[in-house]
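Undergrad: Predicted coordinates and the sequence they were generated for:
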Amino acid sequence: MNMKIIFTYVVIITAMVCITGCVSTKKFKTLQTNYNKLQDENNELTRRGQECGVNLDKANNNLDKANVQISGLQDQINQERDHVKALQSALDKCLESAGQGNVNISKLVDQINASDKYIQELIASKNKSDSLNMVLTNNLTRSLSKDEMQDVDVKVKKGVVYISLSDNMLYRSGSYEISDKAGTTLAKIAKIITDYKDYDVLIEGNTDNVPITKPNIRNNWDLSALRASSVVQSLQNNYGVDPKRLTAGGRGEYNPIAGNDTPDGKVKNRRTEIIITPKLDQFMDLINKGAADSTGTH
């Protein structure tokens, strides 16, 4: 734009010179000076325009770079938003699982509480059983005379009362028939058994290792079982013990409590044990109740 103005101005001056034909020196110098100034201004404007062009190019380049960076940042923002959505989804699933976990934990706590209650019932039952065993044992030993105690041994082992009776006191020699002198002792034992109705009674016959020679008895198995059966029938028929509570069994020579290499050991092994235990069905009911509680069934 400035170049056009200067050029026009020069053309006008030249035309005027041509028209007039002659111009004074002073006016010419003035015109020349003005021309030079205009030329300098034109050069300066041209230089500034070039500089402005360079700066504009730099600005455009910087703008392009900035746009590229902005585009990259926008991509990162979009990626982060997607990541946040994924995290939120995972969190929702975790919360849902945690809710289910809380239900499972609650069930587990209930099962633990039921098991703990069951254990407490078992402990209470055992404590009750132990207490009853001690009372039973004390009552029986107090009822026996000093002489009877020589042939009767009363012990409590693992919650079970064992009354061990010697064969010399119970049976006639070489027989499985109950002797007359055993009646008084069996009567006292029968009373204890009758008083404690929540107990089952196992009568168990035992022998030494000397083979039996009786024609009507095949071996020590037979002898031990027959002797146990004789005690069971005596308790039932003579002393009124409920036969449903009684069990007879023989173990022959295979449950010794002493060596059979001495006469004294053989005497100890020839014995009949009356084993008094809590009723098995009571324990089974308690076990089944505990199993039902632990599985949540009723």
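TA: Arrived safely, thanks for sending. Owing to the predicted nature of the structure, the values given are computational and were not obtained by experimental measurement.
Undergrad: what pairs with residue 278 across the strands?
TA: residue 199 (DSSP bridges).
Undergrad: Can you report how many residues neighbour it?
TA: Here the count is done by other Cβ atoms under 10 Å, and residue 278 has 19 residues near it. Yep, even glycine has a C-beta here, placed from its N, CA and C like the rest.
Undergrad: quick one: it and residue 196 touch, right?
TA: No - under the contact definition of Cβ atoms under 8 Å, residue 278 does not touch residue 196, with a separation of 9.5 Å.
Undergrad: Show me which residues of the helix or strand harbouring residue 203 are buried.
TA: When elements are assigned from DSSP states H and E, residue 203 belongs to strand 199-206. Neighbour counts using 16 or more other Cβ atoms under 10 Å place 199-206 of strand 199-206 among the buried residues.
Undergrad: hey, where'd the helices end up in this structure?
TA: 2-20, 25-143, 146-149, 167-170, 182-195, 220-239, 263-269, 280-295 (DSSP state H).
Undergrad: Now do the same for the residue nearest to residue 225 when sequence neighbours are not counted: its pLDDT.
TA: Here the nearest residue to residue 225 in space, its sequence neighbours aside, is residue 250; by Cβ to Cβ, 6 or more residues apart in numbering that works out to 3.0 Å. At residue 250 the predicted local distance difference test score is 96.
Undergrad: Please apply the same query to the one 4 residues further on.
TA: Model confidence at residue 254, expressed as pLDDT, equals 96.
Undergrad: do the one 5 residues further on as well
TA: Model confidence at residue 259, given as pLDDT, is 96.
Undergrad: since we're on the residue lying closest to it once chain neighbours are set aside, how many residues are nearby?
TA: Leaving out its chain neighbours, the residue that sits closest to residue 259 by Cβ to Cβ, 6+ apart is residue 265, at 4.3 Å. Around residue 265 sit 16 other residues, with neighbours defined as other Cβ under 10 Å.
Undergrad: Same check on residue 259?
TA: Taking other Cβ under 10 Å as the criterion, the count of residues near residue 259 is 13.
Undergrad: I'd say it and residue 209 touch.
TA: No - in this structure, residue 259 is not within contact of residue 209 by Cβ under 8 Å, at 9.8 Å.
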